[in-house]
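Asks: Structure, please.
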Amino acid sequence: MIKIIQIKKKNKKPIGISQIKIGTKRSFKIKITKKIHNQFKNFSGDKSPIHVSKKISKTNNFKNIIGYAFLLTAALSQIFGMYFPGGNELCLHQTCNFRKPFFINDILIFNLKVVQVNKPRKLLTIQINIFNQHGQIIFDGSTILQLALKV
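Replies: I've put the predicted structure just below:
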């Protein structure tokens, strides 16, 4: 399980569309541990050398084993489902731009910003930027969530 290491509080109830405004921001930190990396490797079945061999990574001019890009989207799934908006959404669309690699033991900062709210259709568009601990952007994208599920 991916552990969120900086969160003010877990939502006890999912946030409704009427409670969300354009410009609402949330930030989360996640440390990519070797355990999380290996759990994702086992789950996905991706044992590509760039993700498992430090020697291969260094041969290709990377400082360490490269983290799995889609581990970021798995972390977003946890954030959306458990923290913001917190469990009443269905993901309809996700764009992913993987800008830089990340590595085991990196601390990643997930910045989310609501950029569009369609209350009649209960649609929420969120811009996502993920930075490493050095302030370098490693991912940007957006998601459209439908907040129509009853919980």
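
Asks: and I22, how far is that from N111?
Replies: Taking CB to CB, to the nearest Å as the measure, I22 falls 16 Å from N111. Yep, even glycine has a C-beta here, placed from its N, CA and C like the rest.

Asks: what do you get for Q136?
Replies: In this view, Q136 and N111 are 13 Å apart by CB to CB.

Asks: Who has more neighbours out of these two?
Replies: Counted by other CB atoms under 10 Å, Q136 and N111 do not tie: N111 has more neighbours, with 15 against 12.

Asks: Okay, now the sheet partners of the lengthiest strand in the chain, with direction.
Replies: Secondary structure of the chain per DSSP state E: the longest strand is strand 107-118. Under the criterion DSSP bridges, strand 107-118 sits next to strand 25-31 (antiparallel), strand 123-131 (antiparallel) in its sheet.

Asks: Please identify the most buried of these.
Replies: strand 123-131 (a mean of 21; mean count of other CB atoms under 10 Å).

Asks: Just the C-alphas of that one, formatted as PDB.
Replies: What follows is strand 123-131, C-alpha atoms only, in PDB (Å, rounded to 0.1, in the frame of the first residue of the first chain):
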ATOM      1  CA  LEU A 123     -18.000  16.600 -13.100                       C
ATOM      2  CA  LEU A 124     -14.800  17.800 -11.600                       C
ATOM      3  CA  THR A 125     -11.600  18.500 -13.600                       C
ATOM      4  CA  ILE A 126      -8.300  18.500 -11.600                       C
ATOM      5  CA  GLN A 127      -4.900  19.600 -12.800                       C
ATOM      6  CA  ILE A 128      -2.100  17.500 -11.400                       C
ATOM      7  CA  ASN A 129       1.600  18.300 -11.000                       C
ATOM      8  CA  ILE A 130       4.000  16.000  -9.300                       C
ATOM      9  CA  PHE A 131       7.400  17.200  -8.200                       C
END
